[in-house]
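J.: sequence first, then the predicted structure:
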Protein chains: 2
Amino acid sequence: MTPKDPNTSDFVPRLADVAGRAGVSTATVSRCLNSPEQVQKKTRDKVMKAVAELGYSPNFSAQSLAAKRTNTIGAIIPTMDNAIFARGIQAVQEELGRAGATLLVASSSYRPALEADQIRALVARGADGLLLIGHHRDSQIYEFLDRQQVPVVVSWAYDPDKPKPSIGFDNRAAMRAMAAEVLSQGHRRIAVITARQADNDRARDRVAGIRDAMENAGLDHSRLPVFETHYAIEAGSAALASLITSSPAPTVVICGNDVLAVGALLAAQSLGIRVPQDLSITGFDDIELATVTSPALTTVHVPHRKMGVLAARQLWQMVTDGGSGDSLRLDTELKLRGTLGPPSN
Amino acid sequence: MTPKDPNTSDFVPRLADVAGRAGVSTATVSRCLNSPEQVQKKTRDKVMKAVAELGYSPNFSAQSLAAKRTNTIGAIIPTMDNAIFARGIQAVQEELGRAGATLLVASSSYRPALEADQIRALVARGADGLLLIGHHRDSQIYEFLDRQQVPVVVSWAYDPDKPKPSIGFDNRAAMRAMAAEVLSQGHRRIAVITARQADNDRARDRVAGIRDAMENAGLDHSRLPVFETHYAIEAGSAALASLITSSPAPTVVICGNDVLAVGALLAAQSLGIRVPQDLSITGFDDIELATVTSPALTTVHVPHRKMGVLAARQLWQMVTDGGSGDSLRLDTELKLRGTLGPPSN
DNA sequence: CCCTGTAATGTAAGCGCTTACATTCACTTT
DNA sequence: AAAGTGAATGTAAGCGCTTACATTACAGGG
């Protein structure tokens, strides 16, 4: 048995094998697979029969090396560890699948250097386009992306003035609305728990939104207590435990996201603090977690699936039609559930 | 300006450009990148300088076409929509990253046909190995995988008698332990809410574990009410609402996973049923959701991260050393929290 | 019946790498 | 000083596809 013997158990058919079996050239087989309308029905049937009989499936590397196209979109999200990006990314995946493209997901663990690596890796892999979270990153990366001519869409943020189109929501305005609601219920002693702001424009914008609202209400926000921590329920709990000892104690804790807010809620309850009677807590994102606590979390709803679908559609359009893409602003919505109430004193 | 002019804004350097600039052959550049110990330090420095100056990054398709190796592992998980696989997969990703490999994640939406497509797609993409969830799938797929000689590790399950090595836990034994605990607290009227069993060996094994425990306790399980539904909090809620009307009403609802259990818990509470006084509820998986409800969910803890790390390590080992791999059984642990108590009557 | 035009198919040149094999070079060894 | 050795480097043949271009087949027009 030669290594090319189709009967050998580990024989993997090539395009040429299909061509041989069907009695046509490799070009015809390739055309059958990629633009079937170019080949006559009779020939096509013959070829497809051979494809089926051999169980042929094209070699992706060879295909994209030759065609300079991979039908692949890359996405780099900060984390897969919690549900914040899960639903949106799932929607992206489904939408791309509908278009015949594949999504490759990598995560950066909120580390800029790692994100840069992942971007390079995905581009080297021939990603036809990239979905990135938030605008903020080193300008070198954008230069690299431009040089490689890779279309990029930014999501989970919205800022039409940035060079890359963004399909998402206005973090600052959304949080401003939440903070305004908090203030309108009478709160004045506010504390904030947020993810690290340094490399995270979304976290920054959200905090800025709180300050906006305070300013609009004629309040001084220069001494607003802002507690930064990492992205985990326990981190939210720890943050609350330490915030709560400050004097005067806050009547409300505005959290930059639901994960931290749920942590804060749990900590408050385990310390015997009643929510919302003794202390109000708000979140942001409206992930599943927010709906299962008691009381359920008052938070800012983000249209995850819609955002994912639209971002995917736009990005794929940019890839296929070569346009530069427009930004699109989606609305968020206040979800007033059980953890926000008027202050008791 | 020729298209090869390095000053053109969209010039993307090739291996040959680096070689030219460094004054060496392409082979030497390739060696510098892939097995630097083979080339003299002086030459290497020259080459690396050229690489840096040009901002060269290898073309993945060409690389894997030539080397027949992609340094890529594929994973197909049933869903990204909730957190069940998130933590474990994140661990896989990190562990593979440590080894210099990349993880590609696809999701099958619990659909066998889609899973088969994704498997083929990942193999065509040259995945060096595959991580699959659960053993159960069409034998054709296994034949395909064997023919293509792609190493496979199964996770989230453990069964050393299957052809593919599994690194996970014994779903049946784990649930048997939970059910035994439930019985020992005095429950006799049991109902079950589970994900669809047809294409899901893990769901099946868990239900079997409940029956085991009943049998061990000398109980008849032939009329055990088992409610199948899809994977969502609301589905769990709906299931509970309909189960609870049966007569005699169950004193405990054992759920096949935490998502359904949380749904059931929420539904019970909104119906005014006190948990665990009027009704006990148990889950399985111990995802984040389980810790934030009140009361927190009694469930089976699964060592997600550990499982991910070990599966990744084993799979990568199989890829690089070519072994066939061993199965490994990890322990689960009962987490007795607030939703299980003795029956009230 | 030859010519032209068009549709279908074939031929073969890459795509950008890796790597087997050949060559060169700097030392040792005799 | 010739020969032998091993390490460092170079040469060039693919890897399995796509696609520009060449060829063939066949219909209809003159």
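T.: Structure's in. What do you need?

J.: per-residue confidence for the nearest residue to A:Arg202 once chain neighbours are set aside?
T.: Closest residue to A:Arg202 apart from its sequence neighbours, by C-beta to C-beta, 6 or more residues apart in numbering or on different chains: A:Asn171 at 4.9 Å. Any C-beta I mention is one placed from the backbone N, CA and C, and that applies to glycine too. What the model reports as pLDDT for A:Asn171 is 97.

J.: if I look at A:Asn171, how far off is DNA strand C?
T.: Going from A:Asn171 to DNA strand C by C-beta to the nearest atom of the strand, to the nearest Å gives 39 Å.

J.: quick one, what contacts that residue?
T.: A:157-158, A:201-202, A:205-206, A:209 (C-beta atoms under 8 Å, 6 or more residues apart in numbering or on different chains).

J.: any chance of TSV for the residues you listed, columns neighbour count and pLDDT?
T.: Below are these laid out as TSV (neighbours: other C-beta atoms under 10 Å in any protein chain shown; pLDDT from 0 to 100):
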residue	neighbour count	pLDDT
A:Ala157	22	96
A:Tyr158	24	97
A:Asp201	21	95
A:Arg202	25	96
A:Asp205	25	97
A:Arg206	27	98
A:Gly209	24	98
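
J.: which one of those residues is nearest to A:Ser57?
T.: Closest approach between the contacts of A:Asn171 and A:Ser57, by C-beta to C-beta: A:Ala157, at 38.6 Å.

J.: quick check: that closest one touching A:Arg206?
T.: No. Counting by C-beta atoms under 8 Å, A:Ala157 does not reach A:Arg206; the two are 10.6 Å apart.

J.: now for the strand or helix carrying A:Val47, which elements pack on it?
T.: Using DSSP states H and E, the element containing A:Val47 is helix A:41-54. In terms of contacts (3 or more C-beta pairs under 8 Å, 6 or more residues apart in numbering or on different chains; DSSP states H and E), helix A:41-54 is packed against helix A:15-22, helix A:26-34.

J.: buried stuff in it?
T.: Buried residues in helix A:41-54, counted by 16 or more other C-beta atoms under 10 Å in any protein chain shown: A:43-44, A:46-48, A:50-51, A:54.

J.: repeat that for stretch A:237-249.
T.: A:237-240, A:243-244.

J.: want to throw the residues you listed into a markdown table with secondary structure?
T.: Listed next are the buried residues of stretch A:237-249 as a markdown table, based on DSSP: H, G, I helix; E, B strand; the rest coil:
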| residue | secondary structure |
| --- | --- |
| A:Ser237 | helix |
| A:Ala238 | helix |
| A:Ala239 | helix |
| A:Leu240 | helix |
| A:Leu243 | helix |
| A:Ile244 | coil |
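
J.: which SS state does the residue of the stretch 151-300 of chain A at minimum distance from chain B fall under?
T.: Nearest residue of the stretch 151-300 of chain A to chain B: A:Ser294, at 4.7 Å (C-beta to the nearest C-beta). State at A:Ser294, reduced to three classes by three-state DSSP: coil.

J.: ramachandran angles for it?
T.: phi -120, psi 120 (degrees, to the nearest 10).

J.: now do A:Ser324
T.: The phi/psi pair for A:Ser324 (degrees, to the nearest 10) is phi -100, psi -10.

J.: burial check on it, number of neighbours?
T.: A count of neighbours around A:Ser324, defined by other C-beta atoms under 10 Å in any protein chain shown, yields 9.

J.: gap between whatever residue of the stretch 151-300 of chain A ends up closest to DNA strand D and DNA strand C?
T.: Nearest to DNA strand D in the stretch 151-300 of chain A, going by C-beta to the nearest atom of the strand, is A:Pro151, at a distance of 18.1 Å. Distance of A:Pro151 to DNA strand C, given as C-beta to the nearest atom of the strand: 19 Å.

J.: for A:Gly283, see how far away that residue is.
T.: 33 Å (C-beta to C-beta, to the nearest Å).

J.: name the residue in the two with the higher neighbour count.
T.: Using other C-beta under 10 Å, the more surrounded residue of A:Pro151 and A:Gly283 is A:Gly283, with 32 against 25.

J.: in which helix or strand does the closest residue to that one other than its chain neighbours reside?
T.: Nearest non-adjacent residue to A:Gly283, counting by C-beta to C-beta, 6+ apart: A:Ala261, 3.2 Å away. In this assignment (DSSP H and E), A:Ala261 forms part of helix A:258-270.

J.: can you dump the C-alpha coordinates of that helix into CSV?
T.: Provided in CSV are the C-alpha atoms of helix A:258-270 (Å, rounded to 0.1, in the frame of the first residue of the first chain):
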residue,chain,number,x,y,z
ASP,A,258,-23.3,43.8,38.0
VAL,A,259,-20.6,41.4,39.2
LEU,A,260,-19.3,43.9,41.7
ALA,A,261,-22.8,45.0,42.6
VAL,A,262,-23.8,41.4,43.4
GLY,A,263,-20.7,41.0,45.5
ALA,A,264,-21.5,44.2,47.3
LEU,A,265,-25.1,43.1,47.9
LEU,A,266,-24.1,39.8,49.3
ALA,A,267,-21.5,41.4,51.6
ALA,A,268,-24.1,43.9,52.8
GLN,A,269,-26.6,41.2,53.6
SER,A,270,-24.1,39.1,55.4
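
J.: ok, residues contacting it?
T.: For helix A:258-270, using C-beta under 8 Å, 6+ apart, the contacting residues are A:82, A:84, A:193-195, A:229, A:231-241, A:244, A:253, A:255, A:275, A:278-279, A:281-287, A:289-290, A:293, A:297, A:299, A:339, B:291-292, B:294.
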